[in-house]
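Student: Return atomic coordinates for the entry below.
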Amino acid sequence: MESLGVYLKSRRDRVTPAEIGLRTYGTSRRVPGLRREELAQLAGVSAGYYTRLEQGLAETASQQVLDALARVLRLDDVETGHLHNLARRSSLPELSDPGPEEPHPRVLALLENLAESVPAVVLGRRGDVLAWNRAGHALTAEHVDFASPADPGHRPSVPRMFFLDPLTRNLFGNWAELARIHVAYLRLTAGRYPTDARLAGLIGELTMRSDEFATLWATGDVADCTVGTMLLRHPTVGAVDVDYQVWLQPDSPGHRLEIYTPKDPGSADALEILTHFDR
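Tutor: Numbering: from 1, shown residues only. Predicted coordinates:
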């Protein structure tokens, strides 16, 4: 799992002196972004303290220091939240197995009452499919057994399918864009649940088995995933462009209900054919 020091360095490398108004007077630089001393000075902390922080030798960092670093590093709200999550890890226990996730009865009731013409999928914190309706299954993974989410040991893993399953990859016309979002959101989740051994295992597995995942993970990018567009090349009905929106579940933090709506009349017709074909 990622450390505070690794994340700080990746963000420091991303910010150039010119972006924050530092003059370099034409001198050659050995680092791609800010030097440690420059970041420390701009954030109002000593260079020695910041160096210890980046090297994992400082025991703690105050909220004020973290916010100052985030300001200099030009982090957005999601990235700043991730920074704070990482800073709290030093006081947390080692990795542990949290056990299988279960969808809350309220979200299952909502899923059941959604019309089958509205594709919907319930995802756990690690991207496991906890439940879906017929339309959600047919749209996103019709080659997978519909009943598989009911068995915690055989639930479809969206991150694994996305990076390791050729059929899933071929489904998405904007795969590269969605891949960046998947990895950035997985990093955000890892910061929120730093002791989750299953999550750490998933990240390790994908890093070892997918060069593309490893390359994206190495960027250090972090982002939330709430709305977006999927351009599908569906094997049954052809082109289907849908918007997705995520509904968070207050009763089950980390669980998400994803709902998909067509972007145009042609996609709406394709969804209608697909949902009737699947019944």
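Student: quick one: the strands in this protein?
Tutor: Assigned by DSSP state E, the strands in the chain fall at 120-123, 129-132, 227-234, 238-248, 256-262.
Student: Ok, which of those strands comes nearest Leu75?
Tutor: strand 227-234 (20.9 Å; CB to CB). Heads up, the C-betas are built off the backbone N, CA and C, glycines and all.
Student: What residues of that closest one count as buried?
Tutor: Met230, Leu231, Leu232, His234 (16 or more other CB atoms under 10 Å).
Student: what about the residue lying closest to the last one once chain neighbours are set aside, neighbour count?
Tutor: Closest residue in space to His234, ignoring its immediate chain neighbours: Val240 at 5.1 Å, by CB to CB, 6 or more residues apart in numbering. Other residues near Val240 number 27, with proximity taken as other CB atoms under 10 Å.
Student: now Asp151
Tutor: 10.
Student: which ones are touching the nearest residue to Arg187 once chain neighbours are set aside?
Tutor: Spatially, and ignoring its direct neighbours in sequence, Arg187 is nearest to Val222 (4.6 Å; CB to CB, 6+ apart). Residues counted as contacts of Val222 (CB atoms under 8 Å, 6 or more residues apart in numbering) are Val78, Glu79, His82, Ala184, Arg187, Leu188, Gly191.
Student: gap between Leu274 and Leu57?
Tutor: Per CB to CB, to the nearest Å, Leu274 is found 56 Å from Leu57.
Student: Over to Ser210?
Tutor: Here the criterion is CB to CB. By it, Ser210 lies 33 Å from Leu57.
Student: With Gln249 instead?
Tutor: In terms of CB to CB, Gln249 sits 39 Å off from Leu57.
Student: thinking again about what came up before, okay, the residue nearest to His234: pLDDT?
Tutor: Val240 is assigned 96 on the pLDDT scale.
Student: Can you name the residues bridging to it?
Tutor: With DSSP bridges as the criterion, Val240 is bridged to Leu232.
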